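Engineer: A structural model of the following input is requested.
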Amino acid sequence: LLDRNETRTADLSPAWQLTYWDHFVADSELFLLVVREAGQIVAIAPLKRSKIWKLGLPIRYLEFIAAEESNYQDFIIGRRREEVLDSILKFLILHRSQWDVLYLCHLPEQSTTARYILDAPGRWNRSVVSRVAGVIRCTYMEIDKTWEQYCNSTTKVRNKIASKRRKLQKLGALTSFHCSNEQEYQTNLLRFFELHRRRWNGTDTPSQFHDDRYCRFYRDAGLQLLPKEQIDLFMVEVDAKPIAGLLTLRYDRGCVQQLTAYDPAYAHASPSLVMHELFVEELFADNVRVFDFGHYYAYKEAWANSFKNTLDIKVHLGGPVPYYDHMASSLFQGLRERIRRHDSLLKAARYMRRRFRMLSATRRRGAGSEEGPSAG
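Structural biologist: Residues are numbered from 1 along each chain as shown. The predicted structure is shown next:
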């Protein structure tokens, strides 16, 4: 089904979705919808139902299973997409007593699903209410020329990165490699986690890898995707010491950046820029057509030449609970915007968020150690 789907990425694969479910089930319930025609499966809606508390009221959300750790999500539909979407929405309307809000995150803006859902009020006599709750800008590059042609068209940027590369080479032997087997992947994944912690723990968004569930998820999902060549861990070293890492997901001839990390001790030489340059150069020889950098950051413009959006869309069928959800979400959004206008409040909020995330991860590790060791 995924091979025929409109959105084809490894984070829609069973390995990614179901491994995420195994490690992050928490208080959620599986709400997997399967569409059949003449006894054959023609579509899957990988959903879960979660209870979200807002201002003291529990609201039942239907969401994509692995949305939190994915760049792109969608329903997996093999054929006759709009007819299948009709049947999925019809089922959800029929079972409206089982959910309050359908929250579809990271839908490609140009996808049939996004267009269909946003047009749903007109299709269903306004018994369905849908709105865009968030827009994320993404960057990508189309690889449609040789590496030499590409460098000639971006000489100024390439010269800057070459200067950073020389700085690293002065510190020792600069090498890079891909993890090609399970042992290499598991060994270097641990080194990648450590780099990620060093890079992000001093910021207001500390590394998720202080939570062992994320470590186990990337290990287990990666070991399933590695034989299919749908995940790649790229490492950069100076004198055999890891200084940067890049984790990407691959499907067909597309490559999507998932996570990056580097050692802040080498920040003066921009190891992330150098790593991306080394990686992108290899993509030109690997028959990859598109390298998707994910969420937009200014440094990605050194390579990206195109932009697109993903949408977070909320759908409900009317009634007091969804409107309460909208009111609470608007209230929190307004509060965030007010905090951003005051530096002292913003610093305090970031500090509190960082402390809360670190304490939560510590509690989970403590709870895990009381339960005994987990199988490798």
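Engineer: buried stuff in stretch 249-266?
Structural biologist: Neighbour counts using 16 or more other CB atoms under 10 Å place 249-251, 254-263, 266 of stretch 249-266 among the buried residues. All C-beta atoms are positioned from the backbone trio N, CA, C, and that covers glycine.
Engineer: roughly how far out does it sit from the chain middle?
Structural biologist: The offset between the C-alpha centroid of stretch 249-266 and the centroid of the whole chain comes to 11 Å, using CA atoms, centre = their mean, to the nearest Å.
Engineer: just stretch 209-229 next, same as before
Structural biologist: Mean C-alpha position of stretch 209-229 versus that of the full chain (CA atoms, centre = their mean) differs by 14 Å.
Engineer: all helices for this structure, in order.
Structural biologist: Taking DSSP state H as the test, the helices found in the chain are 14-24, 81-94, 112-123, 147-153, 155-171, 182-200, 212-225, 271-285, 320-340, 343-371.
Engineer: could you dump the ones you listed to TSV with mean neighbour count and mean pLDDT?
Structural biologist: Supplementary listing: the helices of the chain in TSV, determined by neighbours: other CB atoms under 10 Å; pLDDT from 0 to 100:
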stretch	mean neighbour count	mean pLDDT
helix 14-24	19	96
helix 81-94	16	93
helix 112-123	17	90
helix 147-153	13	87
helix 155-171	14	92
helix 182-200	17	97
helix 212-225	19	97
helix 271-285	19	95
helix 320-340	13	72
helix 343-371	12	59
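Engineer: and residue 38, which of the ones you listed is closest to it?
Structural biologist: Of all the helices of the chain, helix 81-94 sits nearest to residue 38, with 13.5 Å by CB to CB.
Engineer: Centre-most residue in the protein?
Structural biologist: With the centre of the chain defined as its mean C-alpha position, the nearest residue by CA atoms, centre = their mean is residue 70, 2.7 Å away.
Engineer: Mind pulling the model confidence for that residue?
Structural biologist: In the predicted model, residue 70 carries a pLDDT score of 96.
Engineer: Spit out the contact partners of it.
Structural biologist: Neighbouring residues of residue 70 by CB atoms under 8 Å, 6 or more residues apart in numbering: 9, 11-12, 16, 64, 106.
Engineer: Quick one: mark the members of those residues that sit in strands.
Structural biologist: Counting by DSSP state E, the members of these that fall within strands are 64, 106.
Engineer: Residue 231 reaches residue 248, doesn't it?
Structural biologist: Yes. Taking contacts as CB atoms under 8 Å, residue 231 lies within contact range of residue 248: 7.4 Å.
Engineer: Can you tell me the strand partners of the strand of greatest length in the chain and which way each runs?
Structural biologist: Looking across the chain with DSSP E, the single longest strand is strand 129-142. If you go by DSSP bridges, strand 129-142 pairs up with strand 290-295 (antiparallel), strand 306-316 (antiparallel).
Engineer: Out of the ones you listed, which gets nearest to residue 324?
Structural biologist: The minimum distance between residue 324 and the strands paired with strand 129-142 falls on strand 306-316, with 10.6 Å, by CB to CB.
Engineer: in stretch 43-53, what's buried?
Structural biologist: 43-50.
Engineer: would you list these in CSV and tack on distance to residue 195 and pLDDT?
Structural biologist: Written out in CSV, the entries for the buried residues of stretch 43-53 read as follows (distance: CB to CB, whole Å; pLDDT from 0 to 100):
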residue, distance to residue 195, pLDDT
43, 39, 96
44, 35, 97
45, 36, 97
46, 31, 97
47, 34, 98
48, 31, 97
49, 36, 97
50, 31, 94
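Engineer: Which of these sits closest to residue 169?
Structural biologist: Closest to residue 169 out of the buried residues of stretch 43-53 is residue 46 (45.4 Å), distances taken as CB to CB.
Engineer: surely the closest one meets residue 64?
Structural biologist: Yes. Here residue 46 reaches residue 64: they are 6.0 Å apart, a contact under CB under 8 Å.
Engineer: Verify the contact between residue 270 and residue 163 for me.
Structural biologist: No. Counting by CB under 8 Å, no contact exists between residue 270 and residue 163, whose distance comes to 9.2 Å.
Engineer: List the contacts of the residue nearest to residue 33 when sequence neighbours are not counted.
Structural biologist: Nearest residue to residue 33, sequence neighbours excluded (CB to CB, 6 or more residues apart in numbering): residue 45, at 3.8 Å. Listed by CB under 8 Å, 6+ apart, the contact set of residue 45 reads 32-35, 75-76, 88.
Engineer: Swap in 10 Å and give it another go.
Structural biologist: Under the criterion of CB atoms under 10 Å, 6 or more residues apart in numbering, the neighbours of residue 45 are 31-35, 62, 64-65, 74-77, 84-85, 88, 91-92, 104, 113.
Engineer: ditto for residue 13
Structural biologist: Per CB under 10 Å, 6+ apart, neighbours of residue 13: 2, 19, 66, 76, 221, 224-225, 228, 230-231, 249, 251.
Engineer: which two in the residues you listed are spaced the farthest apart?
Structural biologist: Farthest pair in the contacts of residue 13 (CB to CB) is 76 and 231. Separation: 18.8 Å.
Engineer: Could you check how far the closest residue to residue 140 other than its chain neighbours is from residue 141?
Structural biologist: Leaving aside its chain neighbours, residue 140 sits nearest to residue 292 (4.3 Å; criterion: CB to CB, 6+ apart). From residue 292 across to residue 141, the span is 8 Å (CB to CB, to the nearest Å).
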